[in-house]
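Trainee: okay, structure incoming, though there's no sequence with it:
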């Protein structure tokens, strides 16, 4: 059985060896992520070039995603690089304190208006929630707090406000530079960090298009405000990433699982793509096998309907990047043996379809799930038809036959969709069917006499023109 859930993995120092990267692709890497929070522009350019050439050597179309740093609010540096905060002690934060002047009494922050977003009684969570500070009073830019939960605090650790509410804009000047870099590198996906509303998504898309980028926009849900505005954010974005690190800190870990399930379900209902991310196999940074809890976590994300699951430090800096992908692939395949929560027969029966290709996609999936069909073949320009198909639960593989590399890389994120490079050279339908059958048979995707469903449009080369489906029996080459 082909794995339908896709794997996104982050590139970094641990993947710079071409042999390692090749093994990662062979193990099941579908989309590679470049994290703009780390590394220089030259490093990103080099890694993108190596990925593209290695994927070509493996005869694979691997997607490439750039992940913007965003306005992560952080403490500045300490004179001794770290301090220990004790419960009950006083501690201050001040944007006007020197960059390297942090002590046990207080530290600078890299957000000039932090004091304007806070009131007495607010709780600040530092270092992914490991340290909690309660705001007591504010004097100018200085925020006086009491340590509620102490611990070791070191340079550049992140700051969150419990319940959300920090006003830092989603796009920084550095992000704008990296958007241009993402366009230059022809990235297939651009992830926008710390999205608050649809306006952040719209602005990122505008800047990306102006820079010449054509990839899909990924909205990372990691702020409390994003959860509150989730409907409009999903509508504005192409892909939603459930980024559970900061989201868990702001919303509270007890609420996180329920929020994750709701976001996945809502995103699929709105015919968008959803990625589940953060600490999925964190232990594999240093261990060759995942914990049972991590296996359960990944399995639940798959069974809830995630299009993709993501690895971060596990592949970027971990000791076992290949093993991490292999383990995640095995877990996904195991989880896919269990049904998704969306039923085969009843989904969208009361809907009216607005577009012809959308209606064709829904008809295909209803037919496929009620016949012994081996595969679905969609001749597609943009991949839109295959996206609609992939929203319906099915065990039947969807093959996106396309001449466009960009489309192949884009559908590499869609659950259950597999790209196939295909140029239409036939001038009549009979010859076209023969060419399609030969391609399928040569890749051992079907056998002679298998039933397949075939979709195409009358206008070759026009996106959104799919208007026909046929049920065909695979014929042997003459």
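Mentor: Thanks, I have it. Predicted model, so just to flag it, every value in this text is computed and none were measured.

Trainee: run a quick neighbour tally on residue 288.
Mentor: Neighbour count for residue 288, taken as other Cβ atoms under 10 Å: 11. From N, CA and C alone the C-beta is placed, and that goes for glycine too.

Trainee: kindly report the same for the one 3 residues further on.
Mentor: Residue 291 is flanked by 13 other residues according to other Cβ under 10 Å.

Trainee: repeat that for residue 39.
Mentor: When neighbours are defined as other Cβ under 10 Å, residue 39 has 16 of them.

Trainee: just residue 386 next, same as before
Mentor: 28.

Trainee: same question, residue 280
Mentor: 23.

Trainee: what helix or strand is it on?
Mentor: Assessed by DSSP states H and E, residue 280 sits outside every helix and strand.

Trainee: show me what contacts it?
Mentor: 294, 297, 298, 301, 309, 310, 311, 314, 328 (Cβ atoms under 8 Å, 6 or more residues apart in numbering).

Trainee: dump the residue contacts of the fourth one.
Mentor: For residue 301, the contact set (Cβ under 8 Å, 6+ apart) comprises 260, 264, 276, 280, 309.

Trainee: so it, which state does it fall into?
Mentor: helix (DSSP: H, G, I helix; E, B strand; the rest coil).

Trainee: where's residue 113 relative to residue 96, distance?
Mentor: For residue 113, the distance to residue 96 (Cβ to Cβ, to the nearest Å) stands at 12 Å.

Trainee: got it, and residue 243?
Mentor: Distance from residue 243 to residue 96, by Cβ to Cβ: 31 Å.

Trainee: quick check: the farthest pair among the contacts of residue 280?
Mentor: Greatest spatial distance in the contacts of residue 280: 301 and 314, 14.8 Å, computed using Cβ to Cβ.

Trainee: so how far is the first residue of stretch 107-120 from its last?
Mentor: The straight-line separation of the ends of stretch 107-120 (Cα to Cα, to the nearest Å) is 19 Å.

Trainee: hmm, who's touching it?
Mentor: Here stretch 107-120 has contacts from 71, 73-78, 83, 91-99, 101-102, 124, 135-138, 140-143, 153, 159, 161, 165-168, using Cβ under 8 Å, 6+ apart.

Trainee: same check on stretch 362-377?
Mentor: 344-345, 348, 351, 353, 378, 388-389, 392-394, 396-399, 401, 436, 440, 445-447, 450-455, 469, 471, 474.

Trainee: so which of those residues sit within helices?
Mentor: Members of those lying in helices (criterion: DSSP state H): 388, 389, 436, 440.

Trainee: before we move on, the earlier item: of the contacts of residue 301, which pair is most distant in space?
Mentor: 264 and 280 (13.9 Å).

Trainee: pLDDT score assigned to residue 224?
Mentor: pLDDT, residue 224: 92.

Trainee: isn't it up against residue 165?
Mentor: Yes - using Cβ atoms under 8 Å, residue 224 is in contact with residue 165, at 7.2 Å.

Trainee: who's more crowded, the two?
Mentor: Using other Cβ under 10 Å as the criterion, residue 224 and residue 165 rank with residue 224 on top: 24 against 15.

Trainee: so how far is residue 42 from the closest residue to that one other than its chain neighbours?
Mentor: Leaving aside its sequence neighbours, residue 224 sits nearest to residue 164 (Cβ to Cβ, 6 or more residues apart in numbering; 2.7 Å). Remark: distance between residue 164 and residue 42 (Cβ to Cβ) = 36 Å.

Trainee: more crowded one of these two?
Mentor: Counting neighbours by other Cβ under 10 Å for residue 164 and for residue 42 shows that residue 164 has the greater number, 19 against 8.

Trainee: so the more buried one is in contact with residue 225, correct?
Mentor: Yes - between residue 164 and residue 225 there is a contact under Cβ under 8 Å: 5.2 Å.

Trainee: okay, helices next: where are they in the stretch 101-250 of the chain?
Mentor: 173-184, 198-210, 224-228, 230-236, 244-251 (DSSP state H, counting those that start in this stretch).

Trainee: which of those sits most buried?
Mentor: Per-stretch averages of neighbours, counted by mean count of other Cβ atoms under 10 Å, single out helix 244-251 among the helices of the stretch 101-250 of the chain, with a mean of 23.
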